[in-house]
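S.K.: Sequence first, then the predicted structure:
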Amino acid sequence: MRFNVAVTLVLAVLLSSTGALAGSKGSTYILVHGAFHGGWAWQPFAEELRDDGATVYTPTLTGLGERAHLAQPEVSLETHVQDIVSLILFEDLHDVVLVGHSYAGMVVTAVAAAVPGRIRQLVYFDAAIPEPGQSFFATVGFPDAFPAGMWMLPSFSAQDFGVTKAEDVAFVAPRLRPQPLASFQEPISFSWSALSKIPKVYIHCKGAWFQRDIFLAFRAKAQALGWKIEDLEASHDAMLTDTKKAYKAFRKVAD
């Protein structure tokens, strides 16, 4: 991934004197959704945080959710990283608790490496933990073989993500969208040393879904790295299906 570090640094300098725009006395959280989802996936959870006085951002990555009309073959992991870096810089956010769900483990890792001085804590919410040079497909062991000319990956079903209650399926299913393949195929560029001073947390959702074993391996990796671990008896989309329970687990380990 060829992230434009020079542009990021220039923006940081230009915006450093503007003052924080969030205006909250509490902590600042950026909640980044997973593949095929959108900022909508975090809304019930975000309200819990706001009720506690936090400033919360739930951005939608380019090409998904209400920004699905922006999907194009060139939308990549770098695009999604820039989505979040730009939010941080233009809102002049500091001491951010940066939370990534599922695929967004890739995004938040690269964002934190790009602007480490802005991040107070990284929270991997049942999320991928990549290694430098890996794509998301490589991280989760997903076959990267598609017909020529195919540039969008259709979403899996709500039930595939462990969403089973009828009312939850009715909310999630119509909001899932295909995602540009390039975002899954582009290798991530970062070094763990750039993230060494940022505390990290892993929240593992224990409910059944089609990639549970792979994400259980990410939990084991986080534990081996000495991160804080919190297990949650809930679906992969726990922030939607088990909001109160997920929030309680989150508060145990997140700043």
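M.R.: Okay, I see it.
S.K.: all strands for the stretch 151-255 of the chain, in order.
M.R.: 152-153, 179-180, 200-205, 228-232 (DSSP state E, counting those that start in this stretch).
S.K.: Give the other helices and strands that the last one contacts.
M.R.: Okay, so that is strand 228-232. Under the contact criterion of 3 or more Cβ pairs under 8 Å, 6 or more residues apart in numbering; DSSP states H and E, strand 228-232 touches strand 200-205, helix 212-224, helix 243-253. Every C-beta, even on glycine, is put in place using the N, C-alpha and C of the backbone.
S.K.: try 6 Å
M.R.: strand 200-205, helix 243-253 (3 or more Cβ pairs under 6 Å, 6 or more residues apart in numbering; DSSP states H and E).
S.K.: quick one: buried residues of it?
M.R.: Within strand 228-232, the residues that count as buried by 16 or more other Cβ atoms under 10 Å are 228, 230, 232.
S.K.: any idea how far residue 205 is from the second one?
M.R.: Residue 230 sits 10 Å away from residue 205, taking Cβ to Cβ, to the nearest Å as the criterion.
S.K.: ok, residue 232 - contacts?
M.R.: Taking Cβ atoms under 6 Å, 6 or more residues apart in numbering as the criterion, residue 232 is in contact with 203, 205, 238, 249.
S.K.: brain fart, residue 70
M.R.: 62-63.
S.K.: what's the neighbour count on the residue nearest to residue 207 when sequence neighbours are not counted?
M.R.: Counting by Cβ to Cβ, 6 or more residues apart in numbering, residue 235 is the residue found nearest to residue 207 once chain neighbours are left out, at 4.1 Å. Burial measure for residue 235: 25 neighbouring residues, criterion other Cβ atoms under 10 Å.
S.K.: start at 53 instead
M.R.: Will do, 53 is the new start, and the previous item becomes residue 287.
S.K.: quick one, what contacts residue 287?
M.R.: 214-215, 259, 293.
S.K.: so how far is residue 216 from it?
M.R.: Separation of residue 287 from residue 216 (Cβ to Cβ): 7 Å.
S.K.: circling back: looking at the contacts of residue 287, which two lie furthest apart in space?
M.R.: Greatest spacing in the contacts of residue 287, by Cβ to Cβ: 215 and 259 (9.5 Å).
S.K.: More neighbours: those two, which one.
M.R.: Neighbours were tallied for residue 215 and for residue 259 using other Cβ under 10 Å; the higher tally belongs to residue 215 (25 against 19).
S.K.: OK, contacts around the more buried one?
M.R.: 221, 224, 287, 289, 293.
S.K.: how far away is it from residue 285?
M.R.: 15 Å.
S.K.: The closest residue to residue 301 other than its chain neighbours bridge partners, please.
M.R.: Nearest non-adjacent residue to residue 301, counting by Cβ to Cβ, 6+ apart: residue 284, 4.5 Å away. For residue 284, the beta-bridge partners are residue 257 (DSSP bridges).
S.K.: ok, residue 291 touching residue 97?
M.R.: Yes: judged on Cβ atoms under 6 Å, residue 291 makes contact with residue 97 at a distance of 4.0 Å.
S.K.: Neighbour count: those two, which is higher?
M.R.: residue 291 (30 against 25).
S.K.: Contacts only, for the more buried one.
M.R.: The contact partners of residue 291, taken as Cβ under 6 Å, 6+ apart, are 94, 97, 298.
S.K.: same thing but at 10 Å, please
M.R.: Neighbouring residues of residue 291 by Cβ atoms under 10 Å, 6 or more residues apart in numbering: 83, 85-86, 89, 93-98, 100, 151, 153, 177-178, 255, 257, 297-299, 302.
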